[in-house]
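Undergrad: quick one: sequence plus predicted model below, questions after.
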Amino acid sequence: MKPLLLFFAIATVLLFSSCSSAPSPDPVSVAVTDTEPLGEGIKTLAYALLGASVVITLGRLLR
């Protein structure tokens, strides 16, 4: 009986605490910046990782 009463008490508190009369504010628009340099950096890192994996694989094959 206690868990059921506790459940209804928590549900009532949550129901009344979530009601607000003030409307939510409009979302703020975010200006998108240029991401071209970031894309070039990621591409360079990807090529570096690919090259390192090729060197490691060839090193293991030649052992």
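TA: Thanks, I have the structure now. Numbering: from 1, shown residues only.
Undergrad: name the helix or strand for the residue nearest to the spatial centre of the chain, please.
TA: With distances taken as CA atoms, centre = their mean, residue 30 lies nearest the centre of the chain, 17.5 Å away. When elements are assigned from DSSP states H and E, residue 30 belongs to no helix and no strand.
Undergrad: show me what contacts it?
TA: By CB atoms under 8 Å, 6 or more residues apart in numbering, the contact list for residue 30 is empty. Using the backbone N, CA and C atoms, a C-beta is placed for each residue, glycine as well.
Undergrad: from residue 14, how far off is it?
TA: Distance, residue 30 to residue 14, by CB to CB, to the nearest Å: 32 Å.
Undergrad: quick check, pLDDT for residue 58.
TA: Per-residue pLDDT puts residue 58 at 95.
Undergrad: count of residues packed around it?
TA: Residue 58 has 9 neighbours, counted by other CB atoms under 10 Å.
Undergrad: what's the spacing between it and residue 44?
TA: Separation of residue 58 from residue 44 (CB to CB): 21 Å.
Undergrad: what's the answer for residue 24, then?
TA: Per CB to CB, residue 24 is found 43 Å from residue 44.
Undergrad: the more surrounded of those two?
TA: More crowded of residue 24 and residue 44, by other CB under 10 Å: residue 44, with 10 against 6.
Undergrad: name the element that one belongs to?
TA: Per DSSP H and E: residue 44 is located in helix 36-62.
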